[in-house]
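Asker: Fold the following and give me the result.
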Amino acid sequence: MKVFRDPRLVSGYVYEHPTADLPELTHCGEALCGTGHHLSPHTHSGFEFMFVSRGRARWLAAGKTVLQRPGDLYIAYPGVRHGTGRQRNPENQQVWLGVELEGMGATGRALAGRLWRDRPVLISGCENLEPALRGIVRQVVSPRPRRTEVITVWIRTLIALLQQRLDQEATSPTDVRAQVLLSPGVQRVLSYLEKNLERRVPLADLAAIATARSKPQFCARFKREVGDSPAAYHLRLRLEGARSVLRQPSFDILTTALHYGFSSSQHFSTQFRRAFGITPGEWQKGGR
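Answerer: From the prediction side, this is the model:
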């Protein structure tokens, strides 16, 4: 068990790989967070389901900021960096679970496929999932006979309840939605940056796309909503695009660097290692 020592946390703990005989359960925990709690960007190998029972939580992932309210379920996807962003969180109480759904049989694989297809991030009206989440955490905190069997039942119950809630989306699409806290101007800029990864985009152009009064006003709004400056956000997009093609035979390091708007392979390599902790050459050879 890891106990959190953040001064902004009233109490909290997390268990990493809590049961050796159930590796699909990657982690679980709960926390009571005071105002100003900050969680640095991080990733998980499986899906993470986080439920807020009190207060609110703000999350940033893949350039989108959402506000989670009591009864909402936030979903973090495998390999996708997520955290609170630069803005610190309001006070909240939360419980979470990490699970590799593909290892949970046919029902787990079906849910994973559905989530990847539809990509919901925030689902409202999930109060009936809380007992399953807390049931798993209790079994982990206080080991009991046959706890792996009980945890497995709880996980399968969670999967069934989440499928049930997603089924309601088909008949009531307005009830299940991601509450994205982005202004129309910033959304236009994000879309534009995602489509222009081959060059650095002048700040004046972005401010005009956002119809901002000035460049400083636009930068302040963008950082407030997205959590990064426009330049830092676009650099991350370009580096992620470069990483995705580097293992293709037709893309060597220099070709990739020039294709994504870097002035040289050395500049590209420096930025790549700073972002991912590994050189482009090491990544090409299969490093992680």
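
Asker: got the contact list for the most centrally placed residue in the chain?
Answerer: By C-alpha atoms, centre = their mean, the mean C-alpha position of the chain lies nearest to H82, the distance being 3.3 Å. Applying C-beta atoms under 8 Å, 6 or more residues apart in numbering to H82 gives the contacts P41, H42, T43, E48, W59, L60, A61, A62, A76. Any C-beta I mention is one placed from the backbone N, CA and C, and that applies to glycine too.

Asker: I'd like the residues you listed as a markdown table, with secondary structure and neighbour count appended.
Answerer: Shown next, in a markdown table, are the contacts of H82 (DSSP: H, G, I helix; E, B strand; the rest coil; neighbours: other C-beta atoms under 10 Å):
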| residue | secondary structure | neighbour count |
| --- | --- | --- |
| P41 | coil | 13 |
| H42 | strand | 10 |
| T43 | coil | 14 |
| E48 | strand | 22 |
| W59 | strand | 22 |
| L60 | strand | 22 |
| A61 | strand | 20 |
| A62 | coil | 14 |
| A76 | strand | 23 |
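
Asker: And this structure, split by domain according to the record?
Answerer: Domain assignment of the chain by automatic domain parsing yields the ranges 2-171, 184-284.

Asker: what would those domains look like in JSON lines with mean pLDDT?
Answerer: Output for those, formatted as JSON lines (pLDDT from 0 to 100):
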{"stretch": "domain 2-171", "mean pLDDT": "90"}
{"stretch": "domain 184-284", "mean pLDDT": "90"}
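
Asker: E16 is in contact with T26, isn't it?
Answerer: Yes - the pair E16 / T26 is scored as a contact, 7.3 Å apart, by C-beta atoms under 8 Å.

Asker: ok, R8 to K2 distance?
Answerer: In this view, R8 and K2 are 16 Å apart by C-beta to C-beta, to the nearest Å.

Asker: Work out for me the element the most far-flung residue of the chain relative to its centre sits within.
Answerer: Here the centre of the chain is the reference, and by C-alpha atoms, centre = their mean the most remote residue is P145, at 34.3 Å. Applying DSSP states H and E as the criterion places P145 outside every helix and strand.

Asker: OK, contacts around it?
Answerer: If you count contacts by C-beta under 8 Å, 6+ apart, P145 has none.

Asker: Could you shift the numbering so residue one becomes 27, and keep it that way?
Answerer: Sure, I'll start numbering at 27, so the last one becomes P171.

Asker: that older thread, which of E42 and T52 has more neighbours?
Answerer: Taking neighbours as other C-beta atoms under 10 Å, E42 and T52 compare with T52 leading, 20 against 11.

Asker: tell me the contacts of I177?
Answerer: Residues near I177 by C-beta under 8 Å, 6+ apart: T45, L48, L51, I162, Q165, V166.

Asker: and those, which of them are in helices?
Answerer: With DSSP state H as the criterion, helices contain I162, Q165, V166 from among the contacts of I177.

Asker: could you dump those residues to TSV with neighbour count?
Answerer: Output for these, formatted as TSV (neighbours: other C-beta atoms under 10 Å):
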residue	neighbour count
I162	27
Q165	22
V166	20
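
Asker: from the residues you listed, which is closest to P210?
Answerer: Nearest to P210, judged by C-beta to C-beta, of these is I162 at 40.0 Å.

Asker: For the closest residue to the closest one other than its chain neighbours, pull up the helix or strand it's in.
Answerer: Leaving aside its sequence neighbours, I162 sits nearest to W180 (C-beta to C-beta, 6 or more residues apart in numbering; 4.8 Å). Mapping W180 onto the secondary structure by DSSP H and E places it in helix 173-197.

Asker: need the next SSE after that helix, C-terminal direction.
Answerer: Next along the chain after helix 173-197, taking DSSP H and E as the criterion, comes helix 210-221.

Asker: which strands and helices sit next to that next one?
Answerer: Packing partners of helix 210-221 (3 or more C-beta pairs under 8 Å, 6 or more residues apart in numbering; DSSP states H and E): helix 229-235, helix 241-252, helix 256-271.

Asker: Only C-alpha atoms, please: export it in CSV.
Answerer: Below are the C-alpha coordinates for helix 210-221, written out as CSV (Å, rounded to 0.1, in the frame of the first residue of the first chain):
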residue,chain,number,x,y,z
PRO,A,210,-15.6,27.3,-28.9
GLY,A,211,-12.5,29.4,-29.8
VAL,A,212,-10.2,27.0,-28.0
GLN,A,213,-11.9,24.0,-29.5
ARG,A,214,-11.3,25.5,-33.0
VAL,A,215,-7.6,26.0,-32.2
LEU,A,216,-7.2,22.5,-30.9
SER,A,217,-8.8,21.1,-34.1
TYR,A,218,-6.5,23.3,-36.2
LEU,A,219,-3.4,22.3,-34.4
GLU,A,220,-4.2,18.6,-34.7
LYS,A,221,-4.5,19.1,-38.5
